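*Asks:* Quick one: sequence and predicted model below, then my questions.
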Amino acid sequence: MLSSDTDFRDEMYTHLFLDDYDWMIYKLKTFFYTKDYGKLTIEFVYDGTTMSEMHVIQEIDNKIYAHKIDFNTRIFEKHIKEFMRKHIGHWGDKQPFNGLDVAVGFYNGVLENYTKYELKKCSPDDNVYDNKYFWYQYCW
């Protein structure tokens, strides 16, 4: 359940990253506020293999948790195609594309069908928003 006191501009944030330079890396990033789970910053990652990852930074009650979730790439394919269809369908519209509904559906789809779930309570010293460091360090 999304929080009703969220700034509307914050609900529209999605970032799609498609990189096929050396090896395919596709990412969809978003964030949203929920009533029960606090602020969630989410990144879905596909790297050309049969398994994909969802990285979630959860900020709630002055605590930070990192969730690293593995899931079948078919889920990534399904939701990224929906995201792209809706995004392209908005080209030329006066209203900007709001991918929040797709991102929330993607998030829920992963949680209903994941294969591995890791949880880590983070300290203030952890650089949880540095993707190059945090998600690939050896402490996972």
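*Replies:* Good, I have the coordinates.

*Asks:* what sits against residue 126?
*Replies:* Residues near residue 126 by C-beta atoms under 8 Å, 6 or more residues apart in numbering: 64, 66, 134. Placement of C-beta: from N, CA and C, glycine included.

*Asks:* does the first one have beta-bridge partners, and which?
*Replies:* For residue 64, the beta-bridge partners under DSSP bridges are residue 59, residue 122.

*Asks:* So it is in contact with residue 40, correct?
*Replies:* No - using C-beta atoms under 8 Å, residue 64 makes no contact with residue 40, being 11.4 Å away.

*Asks:* between those two, what contacts are shared?
*Replies:* Contacts common to residue 64 and residue 40, judged by C-beta under 8 Å, 6+ apart, are 57, 58.

*Asks:* ok, back up a step: if we only consider the contacts of residue 126, which is nearest to residue 101?
*Replies:* residue 66 (25.0 Å; C-beta to C-beta).

*Asks:* What helices and strands are in contact with the host helix or strand of the closest one?
*Replies:* Using DSSP states H and E, residue 66 sits in strand 63-72. Under the contact criterion of 3 or more C-beta pairs under 8 Å, 6 or more residues apart in numbering; DSSP states H and E, strand 63-72 touches strand 51-60, helix 100-113, strand 114-122.

*Asks:* Looking at that strand now, give me its mean pLDDT.
*Replies:* Strand 63-72 carries an average pLDDT of 96.

*Asks:* ok and it relative to helix 100-113, angle-wise?
*Replies:* Counting by axes from the mean of the first three to the mean of the last three C-alpha atoms, to 10 degrees, strand 63-72 lies at 80 degrees to helix 100-113.

*Asks:* Can you give the distance of the helix or strand following strand 63-72 from its chain's centre?
*Replies:* Later in the chain than strand 63-72, the nearest helix or strand by DSSP H and E is helix 73-89. Centre-to-centre, helix 73-89 and its host chain are 13 Å apart (C-alpha atoms, centre = their mean, to the nearest Å).
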